[in-house]
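>>> got a predicted structure plus its sequence, pasted below:
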Amino acid sequence: MTSFPETSAAQSCKMPEGEQKYVQKTADLFNIIRKYNLGSEALKDTFEKAKGLSQKVKATIAKHRTDSNGKVAKCWNKLLTERRNLMVKELHTAAPWLEEFEDDWACEWVLSKGINQQTSNGSHSSYREKEQERKRRLAQAIFNLEVLIETGKFSIATCIWS
């Protein structure tokens, strides 16, 4: 990884929101960092699929979880503005170079991606839990039916009314 010198000219301008159209995944920030020469910490954070930045985002999200189970219960847009602002400020502390983006678009973008992904993962796990419960109930019903058949208590009337 090459370290670029931090120039005052590069540090004095903000990354325009127009650059956002070139960012589809967190790793795409690496090219913008190089283009605007945001320094070695920014390069380090966005190097190798932005692993460093992803860790900082996850740590920030973990401090601001929204439910008692430690899961993010709401997507980014449904969080209170105050909570989102707190998260942005905290991520700025962890990755100061993110302050160089106009209107905090990069900071909000990575936080929204992280929170929405965790929210999505949470809803998938609750779907899996519901599916497991459904299978458990089905197995119990089959077992009960087998017991009725073995004991001779099975009849059409039993099936209709139970």
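On my side now, so go ahead.
>>> contacting residues for the nearest residue to Trp76 once chain neighbours are set aside?
Distances taken as C-beta to C-beta, 6 or more residues apart in numbering put Ser112 closest to Trp76, at 3.6 Å, once the chain neighbours are dropped. Using the backbone N, CA and C atoms, a C-beta is placed for each residue, glycine as well. Counting by C-beta atoms under 8 Å, 6 or more residues apart in numbering, Ser112 makes contact with Cys75, Trp76, Asn77.
>>> okay, and Ser112 sits in which element?
Here Ser112, judged by DSSP states H and E, is contained in helix 105-151.
>>> just give the closest residue to His64, not the sequence neighbours.
Nearest residue to His64, sequence neighbours excluded (C-beta to C-beta, 6+ apart): Met87, at 5.3 Å.
>>> I'd say that neighbour and Thr60 touch.
Yes: counting by C-beta atoms under 8 Å, Met87 touches Thr60, with 5.5 Å between them.
>>> quick check: neighbours shared by those two?
Joint contacts of Met87 and Thr60 (C-beta under 8 Å, 6+ apart) are Leu111.
>>> on that earlier part again, how much space separates the residue nearest to Trp76 from Gln20?
12 Å (C-beta to C-beta, to the nearest Å).
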